[in-house]
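J.: This is a predicted model, with the sequence first.
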Amino acid sequence: MALLPASAAEFHASTVGVAIRGEQSTSVKLTTTGTSSTCTTVKFSGTTEATASTTQKLHPEFSECTSFGFLGSTFNTLGCQFTFHTQTGTFDLADCTNGAIIIITSSAFGKCVMEIPNQNGINGQSWATGGTSPNRDILWTMNSTNIKDRVTTSTGICSLAVGEHTNTTLTGTVTLKVASGETWYA
């Protein structure tokens, strides 16, 4: 399956208003200031918005995570929405209840707290159609290099630098499927 660059292509769904879910196909990894976060489970959920659209919203969920050298970190994504834009190959992070995705990890040896605030234009997104009709899905590939973050706490062995950063990366792939019918990118 060939990945198509962002262009005039759109997200398609055979039915409007059905659940769309995504699960990682390859490891999703967030890297900042020389260290990273990986989660065993990364899921996205939403509903199809139109039979053809240049945007799609999904809510992210991260669990069973290891971050910045610590096991058992938490990602608070309450209210957060990723809005994908096929025209620009970007997504926006919006509507987070706390104004950001908040990553907290701690142990007896230290504590790290990082926020990824609501922001627009996160680059490096591409999509491709997987499968054949009537069972198509979408493979979403992330290769972002411009995510803004804010480290608010770094104590003990936490290796993060307190302050704001503008070059956090997000990499990995996610397969998006609908509860009934099919979805594709063309």
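T.: Okay, I see it. Numbers count the residues shown, from 1 in each chain.

J.: right, and the helix or strand after the longest strand seen in the chain?
T.: Counting by DSSP state E, the longest strand found in the chain is strand 137-156. Per DSSP states H and E, the first helix or strand lying C-terminal to strand 137-156 is strand 163-178.

J.: List the strands paired with that following strand, with their directions.
T.: strand 19-32 (antiparallel), strand 137-156 (antiparallel) (DSSP bridges).

J.: CA-only coordinates of that strand, as PDB, when you get a sec.
T.: The C-alpha coordinates for strand 163-178 follow below in PDB (Å, rounded to 0.1, in the frame of the first residue of the first chain):
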ATOM      1  CA  GLY A 163      10.900  25.100  29.700                       C
ATOM      2  CA  GLU A 164       9.300  25.200  26.300                       C
ATOM      3  CA  HIS A 165      10.500  23.300  23.300                       C
ATOM      4  CA  THR A 166       9.400  23.400  19.600                       C
ATOM      5  CA  ASN A 167      10.900  20.300  18.000                       C
ATOM      6  CA  THR A 168       9.200  17.400  19.800                       C
ATOM      7  CA  THR A 169       8.600  14.500  17.300                       C
ATOM      8  CA  LEU A 170       5.800  12.000  17.000                       C
ATOM      9  CA  THR A 171       6.300   8.900  14.900                       C
ATOM     10  CA  GLY A 172       4.300   5.700  14.200                       C
ATOM     11  CA  THR A 173       1.400   4.300  12.300                       C
ATOM     12  CA  VAL A 174      -2.300   3.800  13.200                       C
ATOM     13  CA  THR A 175      -5.000   1.800  11.300                       C
ATOM     14  CA  LEU A 176      -8.400   3.500  11.200                       C
ATOM     15  CA  LYS A 177     -11.500   1.400  10.800                       C
ATOM     16  CA  VAL A 178     -15.200   2.000  11.000                       C
END
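
J.: and the closest residue to Ser133 other than its chain neighbours, how far is that from Ile20?
T.: Excluding the flanking residues, the one nearest Ser133 by C-beta to C-beta, 6 or more residues apart in numbering is Glu182, at 6.7 Å. Just so you know, the C-beta spots here come from the backbone N, C-alpha and C atoms, and that holds for glycine as well. Glu182 sits 11 Å away from Ile20, going by C-beta to C-beta, to the nearest Å.

J.: Which strand or helix spans Thr38?
T.: strand 35-47.

J.: Revised request: answer the last question for Leu71.
T.: Secondary structure from DSSP H and E places Leu71 in strand 70-76.

J.: in what helix or strand does the residue most central in space within the chain lie?
T.: In the chain, the centroid-proximal residue (C-alpha atoms, centre = their mean) is Pro60; its distance is 6.1 Å. Per DSSP H and E: Pro60 is located in strand 55-67.
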